[in-house]
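Colleague: From the sequence below, what's the structure:
(one chain, ligands or ions: 1)
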Amino acid sequence: MSVFKIQPIKKFAKRLTCAPDKSITHRAIMFNSAADGNSEVRGILLGEDCLSTIDCMRRMGAQIELKGDAAFIKGAGGFKSAELYCGNSGTTMRLLCGLLASCGGEWALSGDESLSKRPMGRVIIPLAQMGAKIFSQNGRAPLKVSGTKLKAIDYVMPVASAQVKSAILLAALGAEGKTSVTECELTRDHTEIMLKSMGVEIERSGKTVKLCGGQKLCGSNIEVAGDISSAAFPLVCGLMTGGTVCVENVGLNPTRTGILEIFEQIGADYEITDEKDCGGEKTGTVTVRSLGHARAFNITRKMLPRLVDEIPVLAVLACALGGESIISDAEELRVKESDRIAATISLVRAFGGSVEETESGMIISPVGKLKGGCAFNPRGDHRMAMAAAVAAAASEKGGEIEGGECANVSYPDFWEMFFGG
Ligand code: S3P
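Modeller: Predicted coordinates for the structure are as follows:
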């Protein structure tokens with residue numbers, strides 16, 4: 001375990017491209033591996049989570065050649081039975097359940113200690129309604145998937161989860177009839193956008209997505225832009241230290257840009273430029289200059305899926321704002337890579353912030369500059385490690401992040417970016 005020592009940073013000012021989008025990389029690798037034909041995916045994230053997906057797809061028979069950050073994929077044309085290790089990656093395990101449920105073969109899916117504690121019932125229940133045979137340990141991994149014939153369902157999701165929606169849509173491709181999935185809140189729609197680009201007819205009306213079974217995927221060349229959930233760390237660090245930070249070529253899909261709504265709420269001085277369309281996904285450059293009004297923010301149910309992974313670093317930001325910031329309806333954070341409500345509260349307190357736990361989130365009171373001068377252990381949760389690095393840099397005394405190498409899960413160059421010139 002490495003310890004990352006962080007001195008207070010006067011002005012964190014940088015122009016950078018951040019880690020590529022994790023959600024889009026998973027999907028581009030997985031869907032193209034399941035497709036007919038060859039494809040190229042450029043600018044992929046080579047973080048540990050996506051490497052787990054690449055390893056699983058190779059074990060199932062897809063040919064994936066990596067050259068730098070490009071993946072050249074030859075679809076498997078049917079998957080072979082295999083033992084699949086998903087590491088720390090919930091997206092890999094949940095999406096694979098959907099993808100494999102209708103294929104001929106048997107798969108054993110396992111993960112690390114954190115993934116083995118996370119709820120899988122949320123995908124097993126709807127997939128079982130379609131006829132899938134998935135065996136778990138009381139709704140947790142390790143799982144066994146026995147591919148079988150599936151039928152379409154109309155499913156109303158009890159949780160706002162893009163992973164669950166995606167698993168059902170992937171299973172629906174191999175099911176008989178037309179499946180509909182209705183979300184309780186809109187979640188990231190990368191699956192829908194990518195399936196469309198691969199020739200799938202998919203309809204959306206309001207919160208409902210529908211697709212007919214029996215549709216084949218055609219390999220599609222994809223370019224992956226930066227991940228706004230990774231950009232969040234340098235952007236917040238810039239805001240808290242009064243440095244201008246410019247992150248180029250970031251994904252700005254509206255289902256992901258809750259952090260920009262927070263910048264609006266707090267009255268930050270920020271700007272979006274160079275907006276483009278990248279295969280149906282919006283991208284652009286985000287520049288932050290100063291906290292501006294520094295008003296407190298309020299996060300509620302509707303917004304949550306649009307910034308679900310940014311909560312730890314937004315809680316750090318809240319310490320520097322001018323009032324009580326409220327995060328509610330955030331129960332989902334309890335079942336991420338760690339219990340991120342508990343972890344965020346201990347992070348904020350360790351650095352000298354003031355936070356109160358509520359049933360579904362937390363209330364953070366302003367303290368001005370954080371004191372710091374502490375050590376923090378993110379317990380293997382990548383986003384907690386990076387949020388703690390921001391807290392340390394923006395504090396009076398800095399801090400130490402123990403086991404900070406877990407940032408590799410989603411942002412392999414994080415420490416280089418953070419400490420680099
Ligand atoms: C993801 C969806 C989110 C997010 C995760 C990636 C995805 O999870 O937290 O990091 O790629 O679909 P849920 O859909 O379970 O909320």
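Colleague: drop to CA atoms for contacts and neighbour counts, all remaining ones
Modeller: Will do.
Colleague: now residue 395, what's its secondary structure?
Modeller: The local conformation at residue 395, judged by DSSP: H, G, I helix; E, B strand; the rest coil, is coil.
Colleague: Quick check: closest non-adjacent residue to it.
Modeller: Residue nearest to residue 395 in three dimensions, not counting chain neighbours: residue 370, with 4.6 Å by C-alpha to C-alpha, 6 or more residues apart in numbering.
Colleague: Excluding chain neighbours, give the residue nearest to the residue in the stretch 301-421 of the chain that the ligand sits nearest to in space.
Modeller: Nearest to the ligand, among the residues of the stretch 301-421 of the chain, is residue 309, at 5.3 Å (C-alpha to the nearest ligand atom). With C-alpha to C-alpha, 6+ apart as the criterion, residue 309 has its nearest non-adjacent residue at 6.3 Å, and that residue is residue 229.
Colleague: which element is that neighbour on?
Modeller: Assignment of secondary structure by DSSP states H and E places residue 229 within helix 228-241.
Colleague: average pLDDT for that helix?
Modeller: Per-residue confidence for helix 228-241 averages out to 98 on the pLDDT scale.
Colleague: Please name every helix or strand in contact with that helix.
Modeller: When contacts are defined as 3 or more C-alpha pairs under 8 Å, 6 or more residues apart in numbering; DSSP states H and E, helix 228-241 packs onto strand 245-251, strand 281-290, helix 311-318, helix 382-393.
Colleague: got the angle for that helix vs helix 311-318?
Modeller: Compare the direction of helix 228-241 with that of helix 311-318 by axes from the mean of the first three to the mean of the last three C-alpha atoms, to 10 degrees and you get 10 degrees.
Colleague: which ones are touching the closest residue to residue 246 other than its chain neighbours?
Modeller: When the adjacent residues along the chain are set aside, residue 246 lies closest to residue 287, with 4.2 Å between them (C-alpha to C-alpha, 6+ apart). Under the criterion of C-alpha atoms under 8 Å, 6 or more residues apart in numbering, the contact partners of residue 287 comprise 235, 244-247, 270-272.
Colleague: Make sure residue 36 is actually in contact with residue 217.
Modeller: Yes - using C-alpha atoms under 8 Å as the test, residue 36 is close enough to residue 217 to be in contact (6.3 Å).
Colleague: Compile the contacts of residue 287 into TSV and extend it with columns for neighbour count and distance to the ligand.
Modeller: Shown next, in TSV, are these (neighbours: other C-alpha atoms under 10 Å; distance: C-alpha to the nearest ligand atom, whole Å):
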residue	neighbour count	distance to the ligand
235	27	18
244	21	27
245	25	24
246	23	23
247	22	20
270	20	25
271	13	25
272	16	23
